[in-house]
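**Student:** What shape does this take:
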Amino acid sequence: MGNRETRVRGLAARAGGWSARHRWAAVGIWVLFVVLAMGLGSAAGRVDVGDSDQLKGETSTAARIIEDAGIDEPASETVLVQAKGEGLTATDEEFRSAVTAVVTAVEKTGEATDVTSPYESDTISKDGRSALVQFDMRGDSDTAGERVEPVLNAVKDVQKDHESLRIEEIGGASMMKTFDDAFGDDFKKAEYSAVPVALGILLIAFGALVAALLPVALAITAIMATMGLMGLVSHLQPMSETANSVMLLVGLAVGVDYCLFYLRREREERAAGRDAQTALRIAAATSGRAIVVSGVTVCVAMAGMLFTGLAEFEAMGLASLMVVAVAMVGSVTVLPALLSLLGERVEKGRLPFLRRRRTGGSTDSRFWTAVLKRVLAKPVLSVVVATGALLAVAAPAVGMKTQNLTLDQEFGDSLPIVQTYNRVNDAFPGGSEPAEVVVKADDINAPEVKAALAEFRERAISSGASRGPVEIKLHDQQNVAFVYVPLVGGSDQDKAGESLDTLRDEVRPATLGEVDGVEAPITGQIAGSKDFNDQLVGAVVPVFAFVVVFAFLLMLLSFRSLTVAITSIVLNLLSVGAAYGILVAVFQHGWGASLVGAEGVGAIITWLPLFLFVILFGLSMDYHVFVVSRIREARMRGRTTQDAIQHGVVTTAGVVTSAAVIMVAVFGIFGTLSMQSMKQMGVGLAAAVLIDATIIRGVLLPAVMALLGERNWYLPKWLHRMPDLTHDESPEAVAVAVTPPVSRDDEGERVPV
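**Tutor:** Numbering: from 1, shown residues only. Below is the predicted model of the structure:
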């Protein structure tokens, strides 16, 4: 067929054109980049977030004092000795005999130190039926879980000899081992199964092995390169294992999506009769541009996490931002080169039972064509019904309660150690999660400091914040003391939080606060949760404002339409709101929780709402930019707005559906993990993507645009001077290849199309 020459402008089109002309160079540069990033990252090593970096405020101050003093806090363990019936108490000989046996057995393992009998530490419950044997594990607390098994076995042996008593161990090391044994492979299974699931869906979408492998290969190489970059960047911004998992999740999702958008458009143009070069350059000028706009928008959204001031969030945000940027660059550079090299071979490995039945280049979806016909016929009704449905789904989010999940909320009561945790908390409220006061003084043994410590211990109990016993451990050489205060409220975080406030606001100022030169930050699980919540609440407004404002500006610059920018933000907020509503309904209230293998735990994990907002706001732009770009492209080619909407939605329906199915499947894998927090993340992300790809993009977006008509492209005159970032969408770049005169444009580059 005839070709003509036009000029294509814009970063994506130029990058695609250069890569297609210098195929081996483009592939070589990409491989070199991935290898160098991995090599340099491995050589540099990775710095992970430290305890003192996790939070600001008292929790961070306490961690800093401990680190500066060079104190390695050991992993503390507790053995609960509890009468099964009503008759036996701690004063009985049988009970005393069991306690002695536990102390002897634990000491004999050689793995424990500072083994303390409850008769020495007064850790006996008020009813006399329960007592605690306490000790510390020798060695590094981070690896204590690997050494605790002999101690656990010794305690089990004592249990066999005392059937009338319940003898169970709990603590940092034993919980670490139990959870590693029960759930340690969960994340690995999820991460390893995500790639085969994505590949299987791509095989169905493309019907050819080579075409399906390309997106997965791009995503994996982008993830590998980013892992190396994380090592380098970690010396400026510490990283974490959580950031690594989130990076893998986001990298696989966007890497596959971007490649899918590009590849489907190239195949579509070739199916329409265009030669390989023309099809590739049209894909670069259209889908390539959509990828750049989407990628930059996602990066901006991820950058919102950097405003939280929380080291874990900053690590996740930076890691996600990097993998999206790498995947975006790979999609508009090495992918065109690979497609140019492969040519017709991209169809190799075709599955005979998935042969394409379409002819003539048509990519219209019959299902979405039927849906769009009804939506565009009655746009007002469609807007009212779709918006009403989304608002109804989002309604439960109004009563959202966030908190760090307790052990029984996170894992249920199926594990024996969770049952032990509950028994300890019932018998000794707050004993399993005491507040920890880290006292730093010029001389920890000074009379006034010792007096203040004694008075603090007394007032902690008399104020009602604790029922005791309050334990004090001195580190004379470092002039540091640790004060452990069981909080009234125990595992009830609201009540325990009130006890913590009493310690911080009343007890400490009246005791330790009266001594000059004494620092006494209060940390611990309840304190860390409260400090995290306070800091997160303070970060919500700036993060939301940053993400929304910059996403709005990017959409405005990319489409030169005030209307498109506003509707983009509103639709994305509706999508996020619906995801919040589903989360609250399922995990807080327990409505339909069993359908996703979850439980109603009464709360949403603290970090999830802000995390979901940032991730979803970024990822939902993938579909939005892709669909709106196709609508705008059709409008520029002379179609009416109504026709352009139908054309844009139905021609992108296949690729959006495939991309959404992959995302839902990958996120859904995380919803199968044992931890409730991971279930919440997986279900929330999967539900939001499903809503976004169906109700938002398939019904609400076209209905709203149909109602607005030509006002979709409204741009006030005073905004006409802003930068024009729509170059890649020039009509010449996407017009049907016929043989009109050669068009010239002083701003562009001559390329054959």
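
**Student:** taking the mean pLDDT, what do you get for the helix or strand containing Pro336?
**Tutor:** With secondary structure defined by DSSP states H and E, Pro336 is part of helix 334-342. Over the span of helix 334-342, the pLDDT mean works out to 89.

**Student:** got it, and stretch 240-258?
**Tutor:** Predicted confidence along stretch 240-258 averages 84 (mean pLDDT).

**Student:** Can you list the buried residues in that stretch?
**Tutor:** 240, 242-258 (16 or more other Cβ atoms under 10 Å). Just so you know, the C-beta spots here come from the backbone N, C-alpha and C atoms, and that holds for glycine as well.

**Student:** likewise stretch 127-134?
**Tutor:** Going by 16+ other Cβ under 10 Å, stretch 127-134 has these buried residues: Arg129, Ser130, Ala131, Leu132, Val133, Gln134.

**Student:** I'd like to know which of the residues you listed is nearest to Met176.
**Tutor:** Nearest to Met176 among the buried residues of stretch 127-134: Gln134, at 17.4 Å, using Cβ to Cβ.

**Student:** Which stretches in the stretch 101-250 of the chain count as strands?
**Tutor:** All strands of the stretch 101-250 of the chain, identified by DSSP state E, counting those that start in this stretch, fall at 112-116, 130-137, 165-171.

**Student:** Could I get the ones you listed in JSON lines, plus columns for distance to Gly600 and mean pLDDT?
**Tutor:** Formatted as JSON lines, the entries for the strands of the stretch 101-250 of the chain read as follows, by distance: least, Cβ to Cβ, whole Å; pLDDT from 0 to 100:
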{"stretch": "strand 112-116", "distance to Gly600": "39", "mean pLDDT": "90"}
{"stretch": "strand 130-137", "distance to Gly600": "30", "mean pLDDT": "91"}
{"stretch": "strand 165-171", "distance to Gly600": "25", "mean pLDDT": "91"}
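
**Student:** In a markdown table, list the ones you listed along with distance to Tyr262.
**Tutor:** Formatted as a markdown table, these follow (distance: least, Cβ to Cβ, whole Å):
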| stretch | distance to Tyr262 |
| --- | --- |
| strand 112-116 | 60 |
| strand 130-137 | 54 |
| strand 165-171 | 53 |
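
**Student:** and the end-to-end length of stretch 689-701?
**Tutor:** Across its full length, stretch 689-701 reaches 15 Å between end residues, using Cα to Cα, to the nearest Å.

**Student:** Now tell me what touches it from outside.
**Tutor:** The contact list for stretch 689-701, computed with Cβ atoms under 8 Å, 6 or more residues apart in numbering, reads 368, 371-372, 375, 382-383, 386-387, 389-390, 393, 567, 571, 574-575, 578-579, 616, 619-620, 623-624, 627-628, 649, 653, 656-657, 659-660, 663-664, 667.

**Student:** Would you mind writing the PyMOL command to select the buried ones in the residues you listed?
**Tutor:** Selection command for PyMOL covering only the buried members of the contacts of stretch 689-701, criterion 16+ other Cβ under 10 Å:
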select buried, resi 368+371+372+375+382+383+386+387+390+393+567+571+574+575+578+579+616+619+620+623+624+627+628+649+653+656+657+659+660+663+664+667
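
**Student:** tell me what the helix holding Pro336 is packed against?
**Tutor:** Applying 3 or more Cβ pairs under 8 Å, 6 or more residues apart in numbering; DSSP states H and E, one finds that helix 334-342 makes contact with helix 11-21, helix 23-44, helix 209-233, helix 241-271, helix 276-285.

**Student:** which stretch among those helices comes nearest Lys473?
**Tutor:** Closest to Lys473 of those is helix 241-271 (Cβ to Cβ; 29.9 Å).

**Student:** Helix, strand, or coil at Gln477?
**Tutor:** State at Gln477, reduced to three classes by DSSP: H, G, I helix; E, B strand; the rest coil: coil.

**Student:** Pull the number of nearby residues for it.
**Tutor:** Here the number of neighbours of Gln477 (other Cβ atoms under 10 Å) works out to 10.

**Student:** For Trp24, the count of nearby residues, please.
**Tutor:** Neighbour count for Trp24, taken as other Cβ under 10 Å: 9.

**Student:** just to revisit the earlier point, need the winner for burial among the strands of the stretch 101-250 of the chain.
**Tutor:** Among the strands of the stretch 101-250 of the chain, the stretch with the highest mean neighbour count (mean count of other Cβ atoms under 10 Å) is strand 130-137, at a mean of 25.

**Student:** got the buried residues for the helix or strand harbouring Met705?
**Tutor:** Under the criterion of DSSP H and E, Met705 resides in helix 701-708. For helix 701-708, the neighbour count (16+ other Cβ under 10 Å) marks Leu701, Pro702, Ala703, Val704, Met705, Ala706, Leu708 as buried.

**Student:** Now find how far off-centre it is within its chain.
**Tutor:** Shown here is helix 701-708, whose average C-alpha point lies 32 Å from the average C-alpha point of the whole chain (Cα atoms, centre = their mean, to the nearest Å).

**Student:** Would you reformat the buried residues of stretch 127-134 as TSV and include distance to Asp501?
**Tutor:** Converted to TSV, those look like this (distance: Cβ to Cβ, whole Å):
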residue	distance to Asp501
Arg129	31
Ser130	28
Ala131	30
Leu132	26
Val133	31
Gln134	27
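
**Student:** with the residues you listed in mind, which one is nearest to Phe307?
**Tutor:** Using Cβ to Cβ, Gln134 comes nearest to Phe307 of those, at 42.0 Å.

**Student:** Show me the shaky parts of the chain.
**Tutor:** Scanning the chain with the threshold set as pLDDT under 70 gives 1-10, 50-55, 182-188, 191, 353-365, 431-432, 490-491, 724-753.

**Student:** Contacts for whatever helix or strand Ala452 lives in next, please.
**Tutor:** Counting by DSSP H and E, the secondary-structure element that holds Ala452 is helix 447-462. Applying Cβ under 8 Å, 6+ apart, the set of residues contacting helix 447-462 from outside is 437, 439, 441, 443, 466-468, 470, 472, 481, 483, 485, 503, 507-508, 510-512, 514-515, 518.

**Student:** Any of these buried? List them.
**Tutor:** Buried among the contacts of helix 447-462 by 16+ other Cβ under 10 Å: 437, 439, 441, 466-468, 470, 472, 481, 483, 485, 503, 507-508, 511-512, 515, 518.

**Student:** Tell me which of the residues you listed fall in helices.
**Tutor:** By the criterion of DSSP state H, membership of the buried ones among the contacts of helix 447-462 in helices covers Arg508.

**Student:** Sitting in strands, which of the buried ones among the contacts of helix 447-462 do you find?
**Tutor:** When these are checked against strands (DSSP state E), the matches are Val437, Val439, Ile472, Ala481, Val483, Val485.

**Student:** Make a markdown table out of the residues you listed and add distance to Pro118.
**Tutor:** Rendered in a markdown table, the data for those read as follows (distance: Cβ to Cβ, whole Å):
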| residue | distance to Pro118 |
| --- | --- |
| Val437 | 22 |
| Val439 | 25 |
| Ile472 | 17 |
| Ala481 | 22 |
| Val483 | 19 |
| Val485 | 18 |
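
**Student:** Pick the one among these closest to Thr563.
**Tutor:** Closest approach between those and Thr563, by Cβ to Cβ: Val437, at 57.4 Å.

**Student:** OK, contacts around that closest one?
**Tutor:** Applying Cβ under 8 Å, 6+ apart to Val437 gives the contacts Phe456, Phe482, Val483, Tyr484, Val485, Leu503, Arg508, Leu512, Ala520, Pro521, Ile522, Thr523.

**Student:** Name the nearest residue to it, sequence neighbours excluded.
**Tutor:** Taking Cβ to Cβ, 6 or more residues apart in numbering as the measure, Val437 lies nearest to Val483, with 3.9 Å between them; neighbours along the chain are not counted.

**Student:** I figured that neighbour hits Ile472, correct?
**Tutor:** Yes. Applying Cβ atoms under 8 Å as the test, Val483 and Ile472 come out as touching, 5.2 Å apart.

**Student:** so which of the strands of the stretch 101-250 of the chain gets nearest Asp643?
**Tutor:** Closest approach to Asp643 among these (Cβ to Cβ): strand 165-171, 67.2 Å.

**Student:** And Asp48, how far from Asn244?
**Tutor:** With distances defined as Cβ to Cβ, to the nearest Å, the gap from Asp48 to Asn244 amounts to 10 Å.
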